[in-house]
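1. structure of the sequence below:
(4 chains)
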Amino acid sequence: MNKVFTDATSALDGLLFDGMTLMAGGFGLCGVPEHLITALKASGTKDLTIISNNAGVDGDGLGVLLETRQIAKMVSSYVGENKLFEKQYLDGDLELEFNPQGTLAERIRAGGAGIPAFFTKTGVGTLVAEGKEIRDFDGDDYVMESWLRADVSIIKAWKGDTEGNLIFRKTARNFNAPMATAGKVTVAEVEELVEPGTLAADEIHCPGIFVQRIVDGGNYRKVIEKRTTRPRP
Amino acid sequence: MNKVFTDATSALDGLLFDGMTLMAGGFGLCGVPEHLITALKASGTKDLTIISNNAGVDGDGLGVLLETRQIAKMVSSYVGENKLFEKQYLDGDLELEFNPQGTLAERIRAGGAGIPAFFTKTGVGTLVAEGKEIRDFDGDDYVMESWLRADVSIIKAWKGDTEGNLIFRKTARNFNAPMATAGKVTVAEVEELVEPGTLAADEIHCPGIFVQRIVDGGNYRKVIEKRTTRPRP
Amino acid sequence: MAWTRDEMAARAAKELSDGFYVNLGIGIPTLVANYIPDGMQVTLHSENGMLGIGPFPYEGEEDPDLINAGKQTVTELPQSSYFDSAASFGMIRGGHINLAILGAMQVAENGDLANWMIPGKLVKGMGGAMDLVAGVQRVVVVMDHNSKAGDAKFLTACDLPLTGTHVVDLLITDLGVFDIDKKNGGVTLIELAPDVTVTEVKERTAANFEVAAGLA
Amino acid sequence: MAWTRDEMAARAAKELSDGFYVNLGIGIPTLVANYIPDGMQVTLHSENGMLGIGPFPYEGEEDPDLINAGKQTVTELPQSSYFDSAASFGMIRGGHINLAILGAMQVAENGDLANWMIPGKLVKGMGGAMDLVAGVQRVVVVMDHNSKAGDAKFLTACDLPLTGTHVVDLLITDLGVFDIDKKNGGVTLIELAPDVTVTEVKERTAANFEVAAGLA
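-> Model prediction:
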């Protein structure tokens, strides 16, 4: 059972179709699956529903799929960094479903863990709860939210082994780990692909059971969105 | 803000009261908080409701609290290794609530994550679902289960730092990690207590925010319940 | 001649495929690990929080922090990983485990399974069995065809408290193999142990079943 | 004389206690980190998956894998830990964060908060704000008392779409500090910026409030 693919394009081969639902990991531009996004752009697959916390920036991250108008709908919590997104949305070319960030993360986790619905206090009394069931537990109101699952999840990790076991680095873990569990097929790109046994079993963040395909992404650009520094003393 | 206590007895000081609900980590005798259980026994606190996957064995693990009749109720998934448990249960001295193991784990995780209820397929059509709400999602039936929380969680980790950051070892992680999140107060015992910065930030299994008190347990007995081996070749 | 425990385990091993993630129950199902074909990679899952269960340790190398769901000491493999119990059952409930092989007290022709409780006897608990049968992609049961008292265990309906409803896909007993259509109903006897006849199976079975062409 | 942004941040820092786990929003709340008293340990939480946010890195030491929820490059501290976004919001939703300090567009006297959406303008999204106000133990809002156009932002009821209802415990503006009883209702002005009068505050506020003894 070989999970290893030689490049991002072959790693997506046979998985893509118009109108499909994808999850894409990352927070801002941190930990985005940049090579898989490039391959997705090249594939020309369209009418995509993309579940991702953000929509990239102009010309980077998922932003490149806006340029080619491949995205029909975004399910996100914050899309404030993207002018092209703004234009397509205001022109009515792009559908948008906002989720509170924690509700988004939990819906994805629920999709991976076989939980079709759960109750949360987040969003009660706001637009987010409209049309959804509200229920009282122990004197407080909660709103029922449903799971999210995807045809394919594309994620990015730091190190991975050929069995699909993954380790993330620092805050690049973000949505990548839960999204790995919620794709019918999960494709992971990594900065370093190693043999099984190289990663300590106690340090694995995402067990290989969740990863069907893996590719060594090669050179990473790893763009910084907001470079903030302090003066040296 | 000092989280470090010198011994298990002082780590529980002021937290215990008759009739309280405790979570106790471990699976079988693997990863049980042995020093905290000993201190709990010595405290004499009674009418305890204990949420724990198992009830220990005769004379070990939570079994020692059966000897002193401190337990009024167990919430568990499997209690097959304990004759004293059997006797007290059949005599009507002990209440017992069985949960499927995964439902138990998820209820605990939900308690820690602010989810008062969730739906699962586990147990639909069985005794476990009786009296609970059943709901159809996408053509399948699911049962609604509620969160579990505790006055105090007692857990055991391998290494911990003085900030309460924890690392578990191999299958001793089990229920210890989710239970850490679901106690109003969580007390952790560790085999090795280190300074902050010693544990790599990417390798921490349980962030210190979940741990209010920590103690270096000292000598660990770490009893093996079923020693199985194979002949050397 | 009815199948031995090992022969039943060997038959169950034919349900494995390369790359499968599999959970094996206690008893005969555990023996299935001995019959994984050479060159086929199967990763064994343990409910307490491990993927990639290795063989029992050599004497003196037992690690109290490394046990399987049956509480037996085991070992680690290169591909192994550890996780907590909530994550472990997320894998199960979320349908990520390809196959579970379990024992049973009773199986019904609609796929119902009973394997955790006998009323009037002390109940040890269901452990992870209810989660496994509800969540795993395919459930194979391996059990003796009849009880020690000779009673049928494959029934029109279970009379013991259920572990799950409409969950069993395949039943392997010492007499043969039954395919169960748990969604639409219908049971087919698809294999017989050597020298076992359809007539004998019918006599010892309470469930209704068809017989596959070539067996009758 | 109204408080400056830094004076408001310094006032908000008085809500911190030793050992607190705190989430700071973008804008003035971020400045609160500069006013943590010496010797007091406060651990800062970032929604994207970090506890123990350190200061901005030195130039040339920025790490693209290490950012805060505002997407700014930050650094690690000895007590830092990383986790995924689902776990991060488990902390928030589960009530494990002691204090959140946030900005706002509007606050109402019942504790309602609006800070994510202006109808007719492009909406950027609520990010983690709804989760924070619903889940964190105590919510402190820091905002200018009036809009640039001079309109009141502390109201009897918010007219902008809400981020949460009955969520704000304390409101700090450039004019003073209001204690809000979000459970039972009732607002009390408990502090005034230097040379600001109760009369001035009343003129510039739409919400009803009591005035603490000693201020009137």
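
2. every contact and neighbour count from this point should use C-alpha atoms.
-> OK.

3. and the helix-or-strand element of chain A with minimal mean pLDDT, what does it pack against?
-> When each helix and strand of chain A is scored by mean pLDDT, DSSP states H and E, helix A:83-90 comes last, with a mean of 87. Secondary-structure packing of helix A:83-90 (3 or more C-alpha pairs under 8 Å, 6 or more residues apart in numbering or on different chains; DSSP states H and E): helix A:63-67.

4. so what does the following helix or strand past the least confident helix or strand of chain A touch, helix or strand wise?
-> Per DSSP states H and E, the first helix or strand lying C-terminal to helix A:83-90 is strand A:95-98. Packing contacts for strand A:95-98, counted by 3+ C-alpha pairs under 8 Å, 6+ apart, involve strand A:71-76.

5. what residues does chain A put near chain C?
-> Counting by C-alpha under 8 Å from any C-alpha of the partner chain, the positions of chain A adjacent to chain C are A:1, A:111-115, A:163, A:165, A:196-198, A:200-202, A:204, A:207, A:209-210.

6. in helices, which of those residues appear?
-> A:Gly111, A:Gly112, A:Ala113 (DSSP state H).

7. quick one on the thing from earlier: which of the residues of chain A next to chain C count as buried?
-> Among the residues of chain A next to chain C, those scoring as buried are A:111-115, A:163, A:165, A:196-197, A:201-202, A:204, A:207, A:209-210 (criterion: 16 or more other C-alpha atoms under 10 Å in any protein chain shown).

8. give me the neighbour count for residue 63.
-> Since you didn't name a chain, this refers to chain A. 22 (other C-alpha atoms under 10 Å in any protein chain shown).

9. hm, I was asking about chain C
-> Neighbours of C:Asp63 using other C-alpha under 10 Å come to 17.

10. how about the one 4 residues further on?
-> With neighbours defined by other C-alpha under 10 Å, the count for C:Ile67 comes to 32.

11. how about the closest residue to chain B within chain A, secondary structure?
-> Closest contact between chain A and chain B, by C-alpha to the nearest C-alpha, is at A:Phe118 (4.2 Å). State at A:Phe118, reduced to three classes by DSSP: H, G, I helix; E, B strand; the rest coil: strand.

12. quick one: it from chain D, how far?
-> Per C-alpha to the nearest C-alpha, to the nearest Å, A:Phe118 is found 13 Å from chain D.

13. also C:Leu132?
-> 24 Å.

14. and that residue, what pLDDT?
-> We have a pLDDT of 98 for C:Leu132.

15. secondary structure class for it?
-> helix.

16. continuing past the worst-scoring helix or strand of chain C on mean pLDDT, what's the next helix or strand?
-> Among the helices and strands of chain C, helix C:28-31 carries the lowest confidence by mean pLDDT, DSSP H and E, at a mean of 94. Toward the C-terminus, helix C:28-31 is succeeded by strand C:43-46 as the next helix or strand (DSSP H and E).

17. name the helices or strands packed onto that next one?
-> So strand C:43-46, by 3+ C-alpha pairs under 8 Å, 6+ apart, packs with strand C:21-24, strand C:50-54.

18. what are the ranges of the strands in chain C?
-> Along chain C, the segments classed as strands by DSSP state E run C:21-24, C:43-46, C:50-54, C:75-82, C:99-102, C:106-108, C:113-114, C:139-142, C:154-155, C:170-172, C:176-180, C:187-192, C:210-211.
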